Structure formats: structure tokens, C-alpha cells
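**Q** Okay, predicted coordinates and the sequence, questions at the end:
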Amino acid sequence: FNKRFEKGIIKLKELLTDSEKKIISSNFVCHSNLKNWRIEDERKISESISLNFELGGGVTNELSHEIDLAEFLVGEINDIYGTKTKQLYKNSKVEDSALLLTKHKKNQVISKISISFAHKYETRYILFELEGGYNLMYDHISQTIKLTKEEDILIEEKYLEDRDESFKKQLLMYMSCNSNLEIKDPFCSFKRGLFYQEKLGGILWK
């Protein structure tokens, strides 16, 4: 889960940690087009590993980043509910879209997670509703954080970096070569990864 190491995500976690305002609700959205991922397979998109059940395909595996980010930013997940569907790739054995609810231990917060690789357009963002009428948003595509209250923009900052940088920082942390990376809970543990898999195994088809 390299996205934990992105500049924007790290700053977002800092803002949430430093804020005295409680999270009322959180919304994680990643709507994508599988053809943009598997360009080399476009003529045989049905043979893509993303649609191959035996190779771990399906959107709840491919876009499990959003589930991990919910735990990283909001706190430990107690349970995962939801439904999965085949919106576009009807002949595959896996889901291409899912709507999930994660219940968090802290303050019993519920996060809504909408993931799909069956969309024509690319949309990816995180939105927090905070007490006091504040909204905190991170747009993955523009790498922009925005804090607003009603119509007032209180913070709007970009945290631009090449996608590969998050992988490099993750690797450095694995190797314990960089003590400057002060990230709280930098990794999803193997135990938590298994927990996600167990809970996602119970998600119902719609």
C-alpha cells in the first residue's frame, strides 16, 4: 500500500491528527477505467489479470488501496459491509464495482467507499466532513488538499510528486535506510491485510 507514502496523504493525516475536530463522516471514491491500466491488453481486455479470478482480480483487490487509506486516516476498521457488482464486464468471474461501508473502532465512524474500474472517466478523491461545518478533501489526480467551511476556502495546497516517489519512500522505509521518514503506522501489517481479505470475502453480490 504505497499510497500511505504520498506527500498529499501524509499531509492529510497530519491535518486530521492535529485537528481537534471530530470526523463526522468520510467518503473514499475511486472510479477508473480498466482500459487505461491495461493498455497492452486492450484488444484482449477480457484476459486481463484484473478480470482473472484465479490471479486475484476484481475491484476489491485491485482498488483495496481505498480500504487501507480508510484505516490509515480514520483508524482501525472493525468490520466491512457492502455489495459488489458487474456493471460493465458481465462475462468475468469477478466484480468490477463495489460499494462498501467500513465501521471504525474510533468513535464508531462509518466510512463510505465507492470503487470501480468500469467507469469511462477517472475520479479519485477523499472527503471528510468534520464537526463545526468543515470539509477536508484530497484529490488524488490533482494532488490537492482543500479545507473549506461553507463557501470559504481556508486551505488549498498542492503536493505534487511523481508516482514512483511513493514506492521509493516505501522501499527506503522497508530497508530502514531513511530515518527522516517520520510516518506513524507506515505499513499495513500482514495480519491487517488478512483481515481485509476475510471481511471482503463476505461482501454480497448485488
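**A** Perfect, thanks for sending it.

**Q** Spatially central residue in this structure, please.
**A** By CA atoms, centre = their mean, the chain has its centre lying nearest to residue 66, at 1.7 Å.

**Q** Let me see the ranges of the strands in the chain.
**A** Assigned by DSSP state E, the strands in the chain fall at 23-33, 77-85, 97-104, 110-116, 118-130, 134-139, 144-149, 152-158, 204-205.

**Q** who are the neighbours of the first one, in terms of helices and strands?
**A** To tie it back to what came earlier, the one meant is strand 23-33. Helices and strands touching strand 23-33, by 3 or more CB pairs under 8 Å, 6 or more residues apart in numbering; DSSP states H and E, are helix 65-74, strand 110-116, strand 118-130. C-beta here means a position set from N, CA and C on the backbone, and glycine is covered the same way.

**Q** Which positions in the longest one come out as buried?
**A** Buried residues in strand 118-130, defined by neighbour count with 16 or more other CB atoms under 10 Å: 118, 119, 124, 125, 126, 127, 128, 130.

**Q** Look at the first one and report its pLDDT.
**A** Right, the one you point to is residue 118. Here the pLDDT value assigned to residue 118 is 96.

**Q** residues near residue 63, how many?
**A** When neighbours are defined as other CB atoms under 10 Å, residue 63 has 22 of them.

**Q** That one and residue 159: what is the separation?
**A** Using CB to CB, to the nearest Å, residue 63 is found at 21 Å from residue 159.

**Q** Over to residue 29?
**A** Taken as CB to CB, the span from residue 29 to residue 159 is 19 Å.

**Q** do the same with residue 26
**A** 19 Å.

**Q** least trustworthy helix or strand in this protein by mean pLDDT?
**A** Lowest on mean pLDDT, DSSP states H and E among the helices and strands of the chain sits helix 34-37, with a mean of 88.

**Q** can you list contacts of that helix?
**A** 42, 45, 48, 50, 51, 89, 96, 117, 118, 122 (CB atoms under 8 Å, 6 or more residues apart in numbering).

**Q** please redo it, this time with the cut-off set to 7 Å
**A** 42, 45, 48, 50, 117, 122 (CB atoms under 7 Å, 6 or more residues apart in numbering).

**Q** Need the pLDDT of the third one.
**A** Which is residue 48. 86.

**Q** what about it, neighbour count?
**A** 20.

**Q** related to what we said a few turns ago, residue 26 and residue 159: who's more crowded?
**A** Taking other CB under 10 Å, residue 26 and residue 159 do not tie; residue 26 has more neighbours (23 against 16).

**Q** Please tell me how far that one sits from residue 145.
**A** According to CB to CB, residue 26 stands 15 Å off from residue 145.
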